[in-house]
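S.K.: Here's a sequence, model it:
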Amino acid sequence: MRRVYLAGPPYADEYRRRASALVRSVDWEPVDPMRRDFRGRTQGNETQIVESDLAEIESCDAVLAAFMSPDEGTAMEAWYAHTLGTPVVAYTGGTPAHPWTVYVAAVVCADLEEAVRALAAMKLD
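M.R.: Prediction:
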């Protein structure tokens with residue numbers, strides 16, 4: 001089963017819930033880094049958080065990145081996937097895409113359902 005890393009701001013719970021259900025419906029396994037919830041206790045755990053995120057991105061076939069609002073972590077996760085050659089599907093929620101988002105993304109979608117359809121249609125090696 002193909003795996004997709006769900007990048008997004010720490011408090012984007014609704015996005016994660018909807019994205020997980022949608023990617024499962026197209027037979028992809030969602031990998032949600034927030035299952036290791038460090039909200040409110042990131043200080044002193046930065047290395048564990050980042051290294052775990054990087055390892056999970058490496059283990060996935062694609063990244064679905066929520067860019068509804070600026071978030072440093074999401075930007076770094078998308079950039080890292082891009083440097084690996086891992087496709088990034090950006091979901092903007094209608095927010096105009098930043099040039100960096102357009103640069104790293106294989107596709108940019110305003111709608112989450114559209115983003116998951118684009119993910120499912122990708123031809124991956």
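S.K.: now the helix or strand Tyr5 falls within: mean pLDDT?
M.R.: Using DSSP states H and E, Tyr5 sits within strand 2-7. For strand 2-7, mean pLDDT is 97.
S.K.: pLDDT below threshold where in this protein?
M.R.: 38-39, 42, 125 (pLDDT under 70).
S.K.: How about the contacts made by the residue of the chain most remote from its centre?
M.R.: The C-alpha centroid of the chain is most remote from Gly44, which lies 24.0 Å away (CA atoms, centre = their mean). Taking CB atoms under 8 Å, 6 or more residues apart in numbering, we find Gly44 in contact with no residue. Placement of C-beta: from N, CA and C, glycine included.
S.K.: does it sit in a helix, a strand or a coil?
M.R.: Assigned with DSSP: H, G, I helix; E, B strand; the rest coil, Gly44 falls in the coil class.
S.K.: Give me the distance between it and Phe67.
M.R.: 28 Å (CB to CB, to the nearest Å).
S.K.: so what secondary structure elements neighbour the strand holding Tyr5?
M.R.: helix 13-25, strand 28-31, strand 62-66, helix 72-84 (3 or more CB pairs under 8 Å, 6 or more residues apart in numbering; DSSP states H and E).
S.K.: ok and the last one relative to strand 2-7, angle-wise?
M.R.: Think helix 72-84. 140 degrees (axes from the mean of the first three to the mean of the last three CA atoms, to 10 degrees).
S.K.: Now distance to Ala121 too, for the helices and strands packed on strand 2-7, in JSON lines please.
M.R.: JSON lines is the format used below for the helices and strands packed on strand 2-7 (distance: least, CB to CB, whole Å):
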{"stretch": "helix 13-25", "distance to Ala121": "13"}
{"stretch": "strand 28-31", "distance to Ala121": "12"}
{"stretch": "strand 62-66", "distance to Ala121": "11"}
{"stretch": "helix 72-84", "distance to Ala121": "18"}
